[in-house]
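A.B. asks: Model the structure of this input:
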Amino acid sequence: MDLIEGGGEGLAATIAAADSVVPVGARTHWEVGNPGAPGVEIEAPAGITRYEPEDLTITLGAGTSFAALDAALAAHGQECALDPRDRAATIGGVVACGLSGIRRLRHGPLRDHVLEVRFVTAEGRLVKGGGQTVKNVTGYDLPRLLVGSFGTLGVLVQLTLRCRPRSECALWFRADDGRALYRASSLLWDGNTTSVLLEGVEADVDAQSGDLQPDDAPALPGGEHRGRVSVAPGALAAVGRALDRVPGARWCAELGVGTVHVAGDDPSVLAGARAVAHEHGGWLLRESGGGDLDGFGCELPNAELMRRVKSTFDPTGKLAPGRLPL
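C.D. replies: Numbers count the residues shown, from 1 in each chain. Prediction:
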């Protein structure tokens, strides 16, 4: 963990002087998890500060939108597979909430894309963790620690992300018989049909698709009330059958990953989906809506460890109070 020299002093001073700090991005993830308590709202700087296409790395302000990041990378035939639901989401917000995109099966979880973080601590220190190279292996892995921390450990200011070549061809197919044995980037299953995303050069996609039927890109279930169920991948079939019995529930599972996207028009849908998740050894994270439903709904498995880490980074509890069940 290294102290950053120069830059961000004004933001750091504001955080140091505040009694309660609320990191704010584009508010596209504002309802994810628990609602935060009021405080001084902090917005991170935006803009790309360093891009090395040959090294497949890009450094940018945490307030940069995913749309701006994707456009800059596309100009060089590259991408960063974060895949947020809303392209207006800021990179800092996406990383802070830790929600991986639907291509996780191939490209890995969100934390695998983050090489370096620069953040402000509760004391107002500017700190760097990680490095701007893919083969950085020294020191504590602060980038992964900050992923999914909801701003409770530090306010993200700048990130360096791992990029990858953008596929020449990316097509969706339908497998009505439920097959999932493909080198796919994503396998989305709604209980009846498996939607298969294949990426690569056109010849490889043609060879892999075989007799699969081409299909339009599927949409994740929509609704005012949304959540993510996380269970063991082997439990997805049982979870899907149980969700079918929840009135008004719409769902879609990521095969091979263990994530089930659930949505409905009434908050009771998320309450029912949470009960299903608990029955199958998992849990549900609220993404939006849910009425009075708690954001997490249960004591997290690593809660005691999280409390110790939180007390070390933020002993007075001033950063994003209430966002995590600590």
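
A.B. asks: State the distance from residue 295 to residue 111.
C.D. replies: 20 Å (C-beta to C-beta, to the nearest Å). The C-beta positions use only the backbone N, C-alpha and C, and glycine is treated the same way.

A.B. asks: So which of these two has more stuff around it?
C.D. replies: Legend: neighbour count by other C-beta atoms under 10 Å for residue 295 and residue 111, higher for residue 295 (20 against 16).

A.B. asks: who's in contact with the more buried one?
C.D. replies: Residues near residue 295 by C-beta atoms under 8 Å, 6 or more residues apart in numbering: 32-35, 285-286, 325.

A.B. asks: distance of it from residue 168?
C.D. replies: 40 Å.

A.B. asks: And residue 159, by the same measure?
C.D. replies: Counting by C-beta to C-beta - residue 159 and residue 168 are separated by 27 Å.

A.B. asks: Around residue 256, how many other residues sit close by?
C.D. replies: There are 16 residues near residue 256, going by other C-beta under 10 Å.

A.B. asks: Quick check, it in contact with residue 102.
C.D. replies: No: Residue 256 lies out of contact with residue 102 (C-beta atoms under 8 Å); the separation is 11.5 Å.

A.B. asks: Nearest to residue 235 among the contacts of residue 295?
C.D. replies: Nearest to residue 235, judged by C-beta to C-beta, of the contacts of residue 295 is residue 285 at 16.4 Å.

A.B. asks: Can you classify the closest one as helix, strand or coil?
C.D. replies: State at residue 285, reduced to three classes by DSSP: H, G, I helix; E, B strand; the rest coil: strand.

A.B. asks: per-residue pLDDT, it?
C.D. replies: Residue 285 is assigned a pLDDT of 96 by the prediction.

A.B. asks: In contact with it: list those residues for me.
C.D. replies: Residue 285 neighbours (C-beta under 8 Å, 6+ apart): 32-33, 227-228, 230, 295-296.

A.B. asks: next one: residue 148
C.D. replies: 96-98, 111.

A.B. asks: can you check residue 319 too?
C.D. replies: 21, 23, 122, 151-155, 313.

A.B. asks: Tell me how far residue 248 lies from residue 257.
C.D. replies: Relative to residue 257, and taking C-beta to C-beta, residue 248 is found at 25 Å.

A.B. asks: For the two, indicate the residue with more neighbours.
C.D. replies: In this view residue 248 and residue 257 are compared by other C-beta under 10 Å, and residue 257 has more residues nearby, 17 against 13.

A.B. asks: So the residue lying closest to residue 236 once chain neighbours are set aside, which state does it fall into?
C.D. replies: Leaving out its chain neighbours, the residue that sits closest to residue 236 by C-beta to C-beta, 6 or more residues apart in numbering is residue 253, at 4.7 Å. Secondary structure assignment for residue 253 (three-state DSSP): strand.

A.B. asks: And for residue 295?
C.D. replies: Per three-state DSSP, residue 295 ends up coil.

A.B. asks: could you check the distance from it over to residue 142?
C.D. replies: 24 Å.

A.B. asks: can you pull out the helices in the stretch 101-250 of the chain?
C.D. replies: 104-107, 142-146, 202-209, 236-243 (DSSP state H, counting those that start in this stretch).

A.B. asks: most tightly surrounded among those helices?
C.D. replies: Mean neighbours per residue, mean count of other C-beta atoms under 10 Å, is largest over the helices of the stretch 101-250 of the chain for helix 142-146, with a mean of 21.

A.B. asks: Which residues outside that one are in contact with it?
C.D. replies: By C-beta under 8 Å, 6+ apart, helix 142-146 touches 1, 95-96, 111, 114-117, 119, 127, 129-130, 153-154, 156, 159, 309.

A.B. asks: Go again with 7 Å.
C.D. replies: Contact with helix 142-146 is made by 1, 95, 111, 114-117, 119, 129-130, 153-154, 156, as judged by C-beta atoms under 7 Å, 6 or more residues apart in numbering.
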